[in-house]
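S.K.: have a look at this prediction, sequence included:
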Amino acid sequence: MTLPRPVGAFSMRPDVLPAAFTPDLLTRLADRLDLVSAAEPGDGPAVLGPDDDRLGEVTVLITSWDAFRLDEQSLDRLPRLRAVVHAAGSIRHHVTEEVWRRGILVSSAADANADPVADFTAAAIALGLKRVIPLARRYAAGGGVPAFGERVGADGRTVGVVGASRIGRRVIRRLVTAGHAVLVSDPYLDKADAAELGAQLTDLDDMCRRSDVLTIHAPALPETRHLINADRLKLLRDGALVVNTARGALIDTGALLAECRAGRLDAILDVTDPEPLPAGHPLFELPNVLITPHLGGVQGSEVRRFGAYATAEVERFTSGQPLLGEVRLEDLPRLA
């Protein structure tokens, strides 16, 4: 007897679907799944909402940004669901504990997002150590070329990495390759694992005292809110650089403003608290601070990385192979 093919459907913001799932990826998915089609012929696969009558047939739900929430009510409409494959990073906004209680597999493409963020962070650190931001602004204002002794290079610097997350680990490897001395602080990391990465494990306060750069890669949890507070910012050396490509709430914004306004610290922030900062916020005006609009992760043409990762996960699932991006319930408290 021939078993029925699994039925696949999408839940995401409609404009994300063609960006993440290019025609070649849709062809690969169609080789493994009967994709629920749009109402109009030729429109390609459908994006389903939580009340769509076709949910009852779905066995693999492919999600991304703005997916509907998979709570008890919506899961009751998905009685055949066996896997949720997320073509983006965090699953916190739509996957509830009820999914695991029903024995449904969950996968995230967070690994596909990690390299762009790590590259962005490494570039920010390189620019920050050369004080590109304040010197470029001064140059634009007619300040001329900085004197030789005023220029700051990147060699021989110590970088503190807060959090050995999937992104933090990639950042550490890039920093080690660049020749930096790397410190790492993470309650779930031991000395042997840190040494394997090429870093030295230490506590957060010691890291702040010793670092020329502090780069943040921890998850936003109740216990990590304002992890980098006024006291820890004061521990940083004069002229230190703070880089945050994780979550804005990890830093006390008011305390960072005070240190940067005094000219003691520089900062490059891809995330803020609140996000976005209100127009006219004083951090925008400081010559030693650069704030970017959450650009570090997958953007534009990079969104296909999410689709490619999710497609490969569907291929593994339908072949009976383990999912590389599987998320377990016990992982949930530590996820970004």
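M.R.: Now that the structure is in, tell me what you want to look at.
S.K.: quick one: the top helix by length along the chain to chain centroid distance?
M.R.: Scanning the chain for the longest helix, with DSSP state H as the assignment, gives helix 110-129. Chain-centre distance of helix 110-129: 10 Å, with CA atoms, centre = their mean, to the nearest Å.
S.K.: can you map out the helices along this structure?
M.R.: Under DSSP H, the chain gives helices at 16-20, 23-32, 72-76, 97-101, 110-129, 132-140, 166-177, 191-197, 204-210, 230-235, 253-261, 282-285, 304-318.
S.K.: which pLDDT value goes with residue 283?
M.R.: Residue 283 is assigned 98 on the pLDDT scale.
S.K.: same check, this time on the one 4 residues further on
M.R.: According to the predicted model, the pLDDT of residue 287 comes to 95.
S.K.: what's the neighbour count on it?
M.R.: Using other CB atoms under 10 Å, residue 287 has 15 neighbouring residues. Just so you know, the C-beta spots here come from the backbone N, C-alpha and C atoms, and that holds for glycine as well.
S.K.: find the nearest non-adjacent residue to residue 184, please.
M.R.: residue 199 (4.2 Å; CB to CB, 6 or more residues apart in numbering).
S.K.: can you pull the contacts of that neighbour?
M.R.: Under the criterion of CB atoms under 8 Å, 6 or more residues apart in numbering, the neighbours of residue 199 are 161, 172, 176, 182, 183, 184.
S.K.: so what's the first one bridging to?
M.R.: According to DSSP bridges, the partner residues bridging residue 161 are residue 184, residue 215.
S.K.: surely it and residue 183 touch.
M.R.: Yes. Using CB atoms under 8 Å, residue 161 makes contact with residue 183 at a distance of 6.9 Å.
S.K.: more crowded one of those two?
M.R.: Between residue 161 and residue 183, counted using other CB under 10 Å, the more crowded position is residue 161 (31 against 25).
S.K.: what residues does stretch 33-53 touch?
M.R.: 5-12, 14, 17-18, 21, 26, 29, 54-55, 57-58, 60, 68-69, 73-74, 77, 314, 318.
S.K.: span of that stretch from start to end?
M.R.: Stretch 33-53 has its terminal residues 18 Å apart, counting by CA to CA, to the nearest Å.
S.K.: same question, stretch 255-268
M.R.: Start-to-end, stretch 255-268 (CA to CA) is 15 Å.
S.K.: could you give the average pLDDT over that stretch?
M.R.: 98.
S.K.: where does the chain have low pLDDT?
M.R.: Residue ranges of the chain with pLDDT under 70: 1-3, 39-43, 150-151, 336.
S.K.: cutoff 90 now
M.R.: 1-4, 38-44, 143-156, 331-336 (pLDDT under 90).
S.K.: domain map for it?
M.R.: Taking automatic domain parsing as the reference, the chain has its domains at 7-108+300-334, 113-291.
S.K.: what about residue 147, how many residues nearby?
M.R.: So residue 147, with other CB under 10 Å, has 7 neighbours.
S.K.: give me the distance from stretch 98-110 to the chain's centre.
M.R.: 19 Å.
S.K.: end to end, how far does it reach?
M.R.: Taking CA to CA, stretch 98-110 runs 21 Å from one end to the other.
S.K.: same thing with stretch 21-37?
M.R.: The stretch stretch 21-37 measures 14 Å between its terminal residues, going by CA to CA.
S.K.: ok, now stretch 200-216?
M.R.: 16 Å.
S.K.: one more: stretch 216-227?
M.R.: 10 Å.
S.K.: buried stuff in it?
M.R.: 216, 217, 218, 219, 220, 224, 227 (16 or more other CB atoms under 10 Å).
S.K.: who's in contact with it?
M.R.: 121, 161-165, 167-168, 171, 186, 204, 228, 242-247, 249-252, 333-336.
S.K.: roughly how far apart are residue 106 and residue 158?
M.R.: Counting by CB to CB, to the nearest Å, the gap from residue 106 to residue 158 is 38 Å.
S.K.: ok, these two, which is more surrounded?
M.R.: residue 106 (22 against 17).
S.K.: contacts only, for that one.
M.R.: So residue 106 contacts 83, 84, 86, 91, 95, 99, 100, 326, 327, 328 (CB under 8 Å, 6+ apart).
S.K.: what bridges to it?
M.R.: residue 84.
S.K.: follow-up on the earlier one: let me know the closest of the contacts of residue 106 to residue 301.
M.R.: Relative to residue 301, the closest of those is residue 86; by CB to CB it sits at 20.0 Å.
S.K.: check the burial of the closest residue in space to residue 282 that isn't next to it in sequence by counting its neighbours.
M.R.: With sequence-adjacent residues excluded and distances taken as CB to CB, 6+ apart, residue 282 is closest to residue 257, at 6.0 Å. Under the neighbour criterion other CB under 10 Å, residue 257 is assigned a count of 16.
S.K.: from residue 223, how far off is residue 257?
M.R.: According to CB to CB, residue 257 stands 23 Å off from residue 223.
S.K.: and if you look at residue 204?
M.R.: Using CB to CB, residue 204 is found at 13 Å from residue 223.
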